[in-house]
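> Coordinates for the following, if possible.
(3 chains)
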Amino acid sequence: MYMALSREFFDRDPPAVACELLGKVLTRHTRKGVMKGRIVETEAYLGQGDEASHTACGKTRRNASMFGPPGIAYVYTIHARFCFNVVTESAGTGSAVLIRALEPLTGIQQMRERRRRCVARDLTRGPARLCEAFGLNRDWDGWDLTLGKRLWISRGDVLRSGAWAQSSRIGISQDKELPLRFFLTDNRFISGPSRLNRP
DNA sequence: AAAACGATCTACT
DNA sequence: GTAGATCGTTTTG
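Now for the predicted structure:
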């Protein structure tokens, strides 16, 4: 069967984890059955030195779980929606990877029920959209994703070399461009490329 | 207590 | 491509 990713997998620098999460499978079991989605887009947030990270200004009630051990979830609200991250590196570092888009695999009916009136392609294309489809909210903040229980991430397909690409971070003003965003090339469920900065 | 803000989405052009 | 919605969290007075 499919094994949950280990704590060691997440106990590395965020860009490495963000890159290798591509192709992995997010699974959630509910009373209605199982939902699976292939991770196709991610974004790394470094620790406290990173201006764009929620932990840049230290620990608050909202971001507390981001200072926890690697492999636990950090779920926060933004614009009346939720976003789902996985904590990376050792406890106290404050780094994480944001899951930006999934390719729906199984349990699509269940996802559609949570996301009425949306076209199939938009079901899980975007960080807040996938949270709605999977029913992820602040209740999941701090959940240990290495346990392989009701919500976890397992190995997916073996990716051929060059199946992924990286780009600069968007949506934040910085003096330097950082290669922190990753996505599977030629996947129709990524949200990024149409919105990325181009020369 | 009030105001400002944000790792976004939808609808519409 | 973008204006407007939406509301919890943090910051400010």
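
> all contacts plus neighbour counts: C-alpha atoms, from now on.
Will do.

> Let's test this: mean pLDDT of stretch A:93-109, rounded?
Here stretch A:93-109 scores 96 as its mean pLDDT.

> Repeat that for stretch A:160-178.
Mean predicted lDDT for stretch A:160-178 stands at 68.

> Give me the sheet partners of the lowest-mean-pLDDT helix or strand in chain A and which way each runs.
In chain A, no helix or strand scores lower on mean pLDDT, DSSP states H and E than strand A:164-167, which sits at a mean of 86. Paired neighbours of strand A:164-167 in the sheet (DSSP bridges): strand A:181-184 (antiparallel).

> Touching the partner strand from outside, list them.
The contact list for strand A:181-184, computed with C-alpha atoms under 8 Å, 6 or more residues apart in numbering, reads A:18-19, A:22-23, A:40-44, A:163-169, A:190, A:192.

> Check whether that strand comes near DNA strand B.
No. Using C-alpha under 7 Å from any atom of the strand, we find that strand A:181-184 stays clear of DNA strand B, coming within 10.9 Å at best.

> Return that strand as PDB; C-alpha atoms alone will do.
Output of strand A:181-184 as PDB, limited to C-alpha atoms (Å, rounded to 0.1, in the frame of the first residue of the first chain):
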ATOM      1  CA  ARG A 181       7.800  28.400  -6.800                       C
ATOM      2  CA  PHE A 182       7.500  25.000  -8.400                       C
ATOM      3  CA  PHE A 183       5.000  23.300 -10.800                       C
ATOM      4  CA  LEU A 184       4.700  20.300 -13.100                       C
END
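
> Could you list the low-confidence segments of chain A?
Applying pLDDT under 70 to chain A picks out residues A:170-179, A:192-199.

> Please point out which parts of the least confident helix or strand of chain A sit buried.
A:164, A:166-167 (16 or more other C-alpha atoms under 10 Å).

> Between the residues you listed, which sits nearest DNA strand B?
A:Ser167 (14.7 Å; C-alpha to the nearest atom of the strand).

> Can you name the residues bridging to that closest one?
Beta-bridge partners recorded for A:Ser167 (DSSP bridges): A:Arg181.

> I'd guessed it sits against A:Glu43; true?
No. Assessed by C-alpha atoms under 8 Å, A:Ser167 is found out of contact with A:Glu43, at 9.5 Å.
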